[in-house]
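1. can't give you the sequence, but here's the structure:
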């Protein structure tokens, strides 16, 4: 018995690396990578400067209030922007307001105020909601006209309704909580 336990432990220790490698591959892991790293295969950033981590570690540009500092600049550093980048290394008091704005627009597409500004999307949402409601109403009217039968006389004729209630009282239908629980059988009238 002890020999069998030792043999099983030896087999398990020899097969553990193979099993772990197969399970890692099955769940998307693994150790073998061919080609460039994954973030470089997803986005072509051109000559834009990588300036930070971003929202999720990928080299992308997204205007977001939740992650206000994207991983790369909005525009490439070419021409006038390159000259402004050199000028920004010096005294900022010597730069004009337009130059500062141009530098900002080279790094960011929108300001935070522009990002949070209303887009007018509510109009399309309301429009689609009202279209859906009107389709439901038109569907109901079509069903009422072409699908449903006419209402039976037992509901529309008052004499038949009274006769049906009298029959329910005579049969003592649901005397605990129902309709006939409000009827006094000794006096022969409705309870007050």
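-> Thanks, I have the structure now. Remember, it's a predicted structure, so these values are computed and weren't measured experimentally.
2. who's in contact with stretch 118-129?
-> Contact with stretch 118-129 is made by no outside residue, as judged by C-beta atoms under 8 Å, 6 or more residues apart in numbering. Glycine gets a C-beta too; all of them are placed from N, C-alpha and C.
3. Check residue 17 and give its pLDDT.
-> Model confidence at residue 17, given as pLDDT, is 57.
4. what's near enough to touch residue 173?
-> Taking C-beta under 8 Å, 6+ apart as the test, what residue 173 contacts is 179, 180.
5. Give me the secondary structure label for it.
-> coil (DSSP: H, G, I helix; E, B strand; the rest coil).
6. Please report how far it lies from residue 149.
-> From residue 173 across to residue 149, the span is 26 Å (C-beta to C-beta, to the nearest Å).
7. cool, residue 91 as well?
-> Relative to residue 149, and taking C-beta to C-beta, residue 91 is found at 88 Å.
8. Repeat that for residue 51.
-> Residue 51 is 72 Å from residue 149, by C-beta to C-beta.
9. hang on, the earlier thing: which of residue 91 and residue 149 has more residues huddled nearby?
-> Applying other C-beta atoms under 10 Å to residue 91 and residue 149 shows that residue 91 carries more neighbours, namely 8 against 5.
10. Pass me the low-pLDDT residue ranges in this structure, would you?
-> 1-43 (pLDDT under 70).
11. if you set the cut-off to 50 instead, what comes out?
-> The chain contains residues with pLDDT under 50 at 22-24, 26.
12. Spatially central residue for it, please.
-> residue 125 (15.1 Å; C-alpha atoms, centre = their mean).
13. in the protein, which spans are helices?
-> Applying DSSP state H to the chain gives helices spanning 2-26, 38-42, 80-88, 97-107, 112-116, 121-146, 153-156, 158-171.
14. So residue 183 sits against residue 191, correct?
-> Yes: applying C-beta atoms under 8 Å, one finds residue 183 in contact with residue 191, separated by 6.8 Å.
15. The two: who's more crowded?
-> residue 183 (16 against 8).
16. Give the residues shared as contacts by residue 183 and residue 191.
-> Residues touching both residue 183 and residue 191 (C-beta under 8 Å, 6+ apart): none.
17. does residue 70 really touch residue 56, like I thought?
-> No: Residue 70 lies out of contact with residue 56 (C-beta under 8 Å); the separation is 10.9 Å.
18. Looking at those two, which has the bigger crowd around it?
-> residue 70 (23 against 10).
19. Next one: the more buried one from residue 148, what distance?
-> 59 Å.
20. cool, residue 60 as well?
-> Residue 60 sits 56 Å away from residue 148, going by C-beta to C-beta.
21. Between those two, which is the more surrounded one?
-> Neighbours per residue (other C-beta under 10 Å) separate residue 60 from residue 148, with residue 60 holding more: 15 against 9.
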